[in-house]
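Enquirer: Quick check, what structure comes out for this input:
(one chain, ligands or ions: 2)
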Amino acid sequence: MRGRVAALRIGAFRVVTDRVMNDEFHARARELIEAGRYIHERGWAPATSGNFSARLSDGRIAITVSGKHKGALTPDDIMLIDAAGRPLEDKQPSAETLLHLSLYRRYPAVGAVLHPHSPSATLVSRLFRDAVILEDYELLKALPGIETHATRLAIPIFPNDQNIPRLAENVEAYLARHGDVPGYIIAGHGFYTWGAQVKDALRHVEALEFLFELETRLHGVKAP
Ligand SMILES: CSC[C@@H](O)[C@@H](O)C(=O)COP(=O)(O)O
Ligand SMILES: [Zn+2]
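Expert: Ligands and ions are numbered 1, 2, ... in the order given. Model prediction:
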């Protein structure tokens, strides 16, 4: 009898935790859908490019399904993967999932990763080779840990690579060697940034995008 009561209690507990996790998934999915609309509206994720994710409190990750239009995402276009990137539903996660996973692994406090393909980030990588230096901008203070415009921030630029495991390794090696940065650019491709929550990562998207745009205006477009 006591065993039956315990089993019923465990069953009820599971139903409640499943419901809480399900609510959490739907809340994060809504935030990613809104972020996608915002990013696409500004021209920062054209033609299905970009990918977005958010980590749930149990370590699973909600991520965009590969190939979806990021300005018109529906709840069906956000899927769950485990912390090792294994799909937990019969859908194909973003082709760049590994780049999200390595950030979640490195930064336990990170709860969201956003990857826009913005013209400014792409142009920056045509103007500068290994890094773009952001310095003396008030808006630097929108980035984590920066308290004054008098900061010199090097945002690394990695060569683009269709081999995503190799690209992820390259990023991981840089972060291990140089310490934390709030984002990075992939040459001719786009940029990655992250934050504790989707709204934080979105603030970093806006700040970096603004700073990249100023740098491209300042340094102009290279003569052929
Ligand atoms: C439409 S080209 C862009 C892709 O190759 C890729 O870089 C990208 O950002 C989107 O891939 P996805 O698999 O949808 O997450
Ligand atoms: Zn991409």
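Enquirer: Please tell me how far Glu41 sits from Ala72.
Expert: Note on Glu41: its distance to Ala72, by Cβ to Cβ, to the nearest Å, is 11 Å. Where you see a C-beta, it was placed from the backbone N, CA and C, and this is true even at glycine.
Enquirer: So which residues on the chain come close to ligand 1?
Expert: 47-51, 64, 66-67, 94-96, 115, 117 (Cβ under 6 Å from any ligand atom).
Enquirer: let's go with 8 Å and repeat that
Expert: 45, 47-51, 64-68, 70, 92-97, 115, 117, 189-190 (Cβ under 8 Å from any ligand atom).
Enquirer: Keep only those of the residues you listed that are in helices.
Expert: Those of those mapping onto helices are Thr97, per DSSP state H.
Enquirer: Please spell out the PyMOL selection for the buried subset of the residues of the chain next to ligand 1.
Expert: Burial among the residues of the chain next to ligand 1 is assessed by 16 or more other Cβ atoms under 10 Å; the matching PyMOL selection reads:
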select buried, resi 45+48+49+50+51+64+65+66+68+70+93+94+96+97+115+117+189+190
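Enquirer: Which of the residues of the chain next to ligand 1 fall in strands?
Expert: Asn51, Thr64, His115, Gly190 (DSSP state E).
Enquirer: gap between the least confident helix or strand in the chain by mean pLDDT and the chain center?
Expert: Least confident helix or strand of the chain, by mean pLDDT, DSSP states H and E, is helix 2-41 with a mean of 87. Remark: helix 2-41 is offset 21 Å from the chain centroid, using Cα atoms, centre = their mean, to the nearest Å.
Enquirer: elements contacting it?
Expert: strand 51-55, strand 61-64, strand 78-81, strand 112-115, helix 198-219 (3 or more Cβ pairs under 8 Å, 6 or more residues apart in numbering; DSSP states H and E).
Enquirer: for Asp180, phi and psi?
Expert: phi -80, psi 140 (degrees, to the nearest 10).
Enquirer: Now do the same contact list for Leu202.
Expert: Ala35, Tyr38, Ile39, Leu114, Gly195 (Cβ atoms under 8 Å, 6 or more residues apart in numbering).
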